[in-house]
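Chemist: Have a look at this fold, sequence not included:
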């Protein structure tokens, strides 16, 4: 078992140049793949072609627009989820984020939780058929996403258990979960079977690993000791040259092999 490699989230890593130019820059870092949002962007085919040209994979897509938490939009959320899976299959992407979205004013939490599960249960067969993994990302409420319905990874694991599909998992963003819960290594190792993708950034500031309080050498080593076989995604705001920051993360990841 082995991590597939590092992936570069274009949207957060680069703030200039065309998307295809950004793919070329990502290839220069030695990364194995790129990530992108939104999946419904008309330019996605050009990004995929650039990946093919430069020997990169497309590891992850996001950009869902319909909340899973709103019972009045259940069918719309299911339809969008199925479309996102179909698009991921078309472009050869193994993982797509289906975000629960914001908390709905005036609705109790249990109703929103049940609706989230209902949508995921309905989309899961399409994901299984397409061999695409749906991931939900818990987001921190304290700093970046006060409106987000899902902030706890533990509640996320409960959703995964309720849906009971091998193609529905959690996106474990180490930055968000350090802010929300801490104890990230034990959390990861205890629940690795429910984790479908990782994002990395340091705390505070959401910059590259090595700029804050997290010991990423230990975190990467702990992930390597599990049976995780996916990508580790760079979703941070570089403090210096973006490619050099990504290279540093890649070196840190490789040092734990």
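Modeler: Thanks, I have the structure now. Computed from a prediction, not measured in an experiment: that's the story for all the values here.
Chemist: what stretches of the stretch 1-150 of the chain score poorly on pLDDT?
Modeler: Along the stretch 1-150 of the chain, the model assigns pLDDT under 70 to residues 1.
Chemist: In the chain, where's the longest helix?
Modeler: helix 109-130 (DSSP state H).
Chemist: Just give the number of residues close to residue 209.
Modeler: Residue 209 has 24 neighbours, counted by other Cβ atoms under 10 Å. Bear in mind the C-beta positions are built from the backbone N, C-alpha and C, glycine included.
Chemist: Chain neighbours aside, what residue packs nearest to it?
Modeler: Leaving aside its chain neighbours, residue 209 sits nearest to residue 216 (3.9 Å; criterion: Cβ to Cβ, 6 or more residues apart in numbering).
Chemist: what about the strands in the stretch 1-150 of the chain?
Modeler: 5-9, 33-36, 57-61, 95-97, 133-136 (DSSP state E, counting those that start in this stretch).
Chemist: Out of those strands, the one nearest residue 210 is which?
Modeler: strand 5-9 (14.2 Å; Cβ to Cβ).
Chemist: which residues touch the closest one?
Modeler: Outside strand 5-9, the residues within contact range by Cβ atoms under 8 Å, 6 or more residues apart in numbering are 26, 29-36, 57, 59-60, 199, 231-235, 246, 249-250, 253.
Chemist: show me what contacts the residue nearest to residue 118 when sequence neighbours are not counted?
Modeler: Leaving aside its sequence neighbours, residue 118 sits nearest to residue 74 (Cβ to Cβ, 6+ apart; 6.3 Å). With contact taken as Cβ under 8 Å, 6+ apart, residue 74 is in contact with 115, 118-119.
Chemist: Give me the distance between residue 246 and residue 199.
Modeler: 13 Å (Cβ to Cβ, to the nearest Å).
Chemist: what do these two both touch?
Modeler: In contact with both residue 246 and residue 199: residue 234, using Cβ under 8 Å, 6+ apart.
Chemist: Quick check: pLDDT value at the residue nearest the centre of the chain.
Modeler: In the chain, the residue lying closest to the centroid (Cα atoms, centre = their mean) is residue 171, at 4.7 Å. As summarised for this prediction, residue 171 has a pLDDT of 98.
Chemist: That one belongs to a helix?
Modeler: No: under DSSP: H, G, I helix; E, B strand; the rest coil, residue 171 sits outside any helix and is assigned strand.
Chemist: For beta bridges, what are the partners of it?
Modeler: Beta-bridge pairing for residue 171 (DSSP bridges): residue 197.
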